[in-house]
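>>> Structure of the sequence below:
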Amino acid sequence: PISIVNDIGILFTWKNHLFRAIKSSSAKDVQELFDCGLIKELSDNKLFPDSWVSEYMLDGFEFIVEHNKINNVSYPYEWTFSMLKDAAKAVLDVNIISKKYGYETKDCHSFNIVYDGTIPKFVDLGSFISIEPGSKTWKAYEQYLKSYYYPLRIWGIGNSFIARSIITNESEFISHSEYLLFKFSGLRILPIKIITKVTKKYFKYKNISLKSYDDLRKNLPQPFASIVWFLKEKGLLPNISICFDSLKEKLEKVNSKKTNSRWGNYHNEFYDENNVIKTTPRIDRIIEIISKMKVKSVVELGGNQGVVSKLLLNSFNFLERAACTDYDEDAVESMYLSSKKSNLMDLSPVLLNFILPVSISKGKPAYERFKSDIVIALAITHHLLLSQQLRIDVILHEISNYSTRYVMIEFMPLGLWDG
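Predicted coordinates:
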């Protein structure tokens, strides 16, 4: 449902497989992406899902591409700071490799990235276009700034709510002028029309390498158009080139402020000095129960740093995937970073309030995307009942929405530890 713009064909699922039917008008270009080796190199580097031309056919389309289907699809507003930053790095890496083959991405917004466990992958096959002769820019540069760099800079100074609100919008981006006004308070003495006009002219200049002589003549008076054309052809115009390696270096310098949330350190006690998880009789009992169920998928609600989910993935070969959600940003950030560090690629960290989830108009609800054989809700229902005063039928209804088979709920009979 979220793929409402797809100029090369249509995406659809059939028998739990993901396909893309390619239009005749795009068939030659798409086939060349496979033949030149670009898609293979991106897949080998875990930057694009494994994809191949299928043997199936569909009336009205030239051929069908099958993509390796990613489960537990999270949306950008369900990511942490480091997840958005790693998604931005993936976009730049995709373009660095694409440039070797004479391609770039024409768009790169964050909904074109899907996390496969803890690995961000670019999924828009229709975004790859040939680099125009003489081009020194990147068509998706402004979108990169608005989708990643601006939100990360805003997030980095401690405004995570504003940053995540920006990336929640699936149809509009923050403007350059709005970002500048937020970042530099001194600019607020100027009329916003002036700031908007200046930023528009700046980015028009950045894209000047894409302009033909006729384009310049239409927009610039003579002899200025001829001078600009001459300087462009001789490579003498400053500050128009986009270097992906430089963008990566600039991105690396963006860091977030350390915060101390209420539940961010809750699971720290489960790790020893070597960062190895220490189990407890309580957790052992949970694992013992699940071992008899032979489930293939699990979602943990309110799972903090994902200690139980990690132990389950490490304990059972029959468990194919796990998602762990929590509404505490620091806890999910710790879960993501520790999973990456330990090469636990099958765990999907999700920043989510499962009772009151954020949603978008064309997206699937969280309970559909993370629905699993078993839902685990440990030591959370008493908080929802006693602290937040939620009705028990509402809580149980929301928890059961995430399950196809089993629900495991741990209720703390003595309630909150502080009374």
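>>> only C-alpha atoms for contact and neighbour calcs from this point on.
OK.
>>> low-confidence ranges in the chain?
Per-residue confidence of the chain (counting by pLDDT under 70) places the weak regions at 415-419.
>>> Run the chain-centre distance for the lengthiest helix in it.
Using DSSP state H to assign secondary structure, the helix with the most residues in the chain is helix 81-100. In terms of C-alpha atoms, centre = their mean, to the nearest Å, the gap separating the centre of helix 81-100 from the centre of its chain is 11 Å.
>>> Run through the neighbouring helices and strands of that helix.
Helices and strands in packing contact with helix 81-100 are listed as helix 38-44, strand 103-105, strand 119-122, helix 150-156, helix 244-252, helix 329-341; criterion 3 or more C-alpha pairs under 8 Å, 6 or more residues apart in numbering; DSSP states H and E.
>>> Could you export those as JSON lines, including mean neighbour count and distance to Lys85?
Supplementary listing: the helices and strands packed on helix 81-100 in JSON lines, determined by neighbours: other C-alpha atoms under 10 Å; distance: least, C-alpha to C-alpha, whole Å:
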{"stretch": "helix 38-44", "mean neighbour count": "18", "distance to Lys85": "19"}
{"stretch": "strand 103-105", "mean neighbour count": "22", "distance to Lys85": "18"}
{"stretch": "strand 119-122", "mean neighbour count": "23", "distance to Lys85": "10"}
{"stretch": "helix 150-156", "mean neighbour count": "21", "distance to Lys85": "7"}
{"stretch": "helix 244-252", "mean neighbour count": "14", "distance to Lys85": "8"}
{"stretch": "helix 329-341", "mean neighbour count": "21", "distance to Lys85": "12"}
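>>> Between those, which one is closest to Val295.
Closest to Val295 of the helices and strands packed on helix 81-100, according to C-alpha to C-alpha: helix 329-341, at 21.5 Å.
>>> Not counting the longest helix of the chain itself, show me its contacts.
With contact meaning C-alpha atoms under 8 Å, 6 or more residues apart in numbering, helix 81-100 is reached by 38, 41-42, 47, 76, 103-105, 108, 110, 113, 120-122, 131, 144, 148-149, 152, 155, 244-245, 247-248, 251, 256, 333, 336-337.
>>> cool, and stretch 33-45?
Judged by C-alpha under 8 Å, 6+ apart, the contacts made with stretch 33-45 from elsewhere in the structure are 48-52, 94, 97-98, 101.
>>> and if you look at stretch 228-237?
When contacts are defined by C-alpha under 8 Å, 6+ apart, stretch 228-237 is touched by residues 208-209, 213, 216.
>>> Pull out the buried members of these.
Applying 16 or more other C-alpha atoms under 10 Å to the contacts of stretch 228-237, the neighbour count classes 208-209, 216 as buried.
>>> quick one, what contacts the closest residue to Glu333 other than its chain neighbours?
Counting by C-alpha to C-alpha, 6 or more residues apart in numbering, Thr80 is the residue found nearest to Glu333 once chain neighbours are left out, at 5.7 Å. For Thr80, the contacting residues are 329, 332-333, 351, by C-alpha under 8 Å, 6+ apart.
>>> Likewise for Thr137?
Thr137 makes contact with 206-207, 209-210, 240-242, according to C-alpha under 8 Å, 6+ apart.
>>> Closest one to Val30 out of these, please.
Using C-alpha to C-alpha, the shortest approach to Val30 within these belongs to Leu210, at 23.1 Å.
>>> Count residues in the vicinity of the closest one, would you?
Residue crowding around Leu210 was assessed by other C-alpha atoms under 10 Å; the count is 19.
>>> what helix or strand is the residue lying closest to it once chain neighbours are set aside on?
Leaving aside its sequence neighbours, Leu210 sits nearest to Ser135 (C-alpha to C-alpha, 6+ apart; 5.6 Å). Following DSSP states H and E, one finds Ser135 outside all helices and strands.
>>> All further residue positions should be reported with the first residue as 34.
New numbering, starting at 34: the last item is Ser168.
>>> Next, count neighbours for Ser168.
Residues lying near Ser168 (other C-alpha under 10 Å) number 16.
>>> Same question for Ser143.
The number of residues packed near Ser143 is 23, by other C-alpha under 10 Å.
>>> how about Lys139, what does it touch?
Neighbours of Lys139 in contact, by C-alpha under 8 Å, 6+ apart: 160-162, 171-173.
>>> Redo the residues you listed as TSV? Include secondary structure.
Conversion of the contacts of Lys139 to TSV gives the following (DSSP: H, G, I helix; E, B strand; the rest coil):
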residue	secondary structure
Ser160	helix
Phe161	strand
Ile162	strand
Trp171	coil
Lys172	coil
Ala173	coil
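>>> filter the residues you listed to the buried ones?
Neighbour-count burial (16+ other C-alpha under 10 Å) applied to these gives 160-162, 171-172.
>>> Put together a markdown table for those, with distance to Arg53 on each row.
Formatted as a markdown table, those follow (distance: C-alpha to C-alpha, whole Å):
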| residue | distance to Arg53 |
| --- | --- |
| Ser160 | 14 |
| Phe161 | 15 |
| Ile162 | 17 |
| Trp171 | 26 |
| Lys172 | 24 |
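>>> between the residues you listed, which is closest to Cys357?
Proximity to Cys357 was ranked across the buried ones among the contacts of Lys139 by C-alpha to C-alpha; first place goes to Ser160, at 30.7 Å.
>>> ok, now which ones touch the closest one?
With contacts defined as C-alpha under 8 Å, 6+ apart, the neighbours of Ser160 are 138-141.
>>> swap the cut-off to 10 Å and go again
39-41, 136-141, 145, 173 (C-alpha atoms under 10 Å, 6 or more residues apart in numbering).
>>> Over to Asp426?
With the criterion set at C-alpha under 10 Å, 6+ apart, Asp426 makes contact with Ile432.
>>> Equivalent analysis for Ser36, please.
Taking C-alpha under 10 Å, 6+ apart, we find Ser36 in contact with 43-45, 144-145, 157, 395-396.
>>> what's the answer for Thr232, then?
208-210, 213, 238.
>>> I'd like those residues as TSV, with secondary structure appended.
Below are these laid out as TSV (three-state DSSP):
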residue	secondary structure
Ser208	coil
His209	helix
Ser210	helix
Leu213	helix
Tyr238	helix
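>>> Just the buried ones from the contacts of Ser36?
Among those, the ones that count as buried by 16+ other C-alpha under 10 Å are 43-44, 144-145, 157.
>>> hmm, back to that, which member of the buried ones among the contacts of stretch 261-270 is positioned nearest Lys226?
Of all the buried ones among the contacts of stretch 261-270, Ile241 has the smallest distance to Lys226: 22.7 Å, by C-alpha to C-alpha.
>>> Lovely, talk soon.
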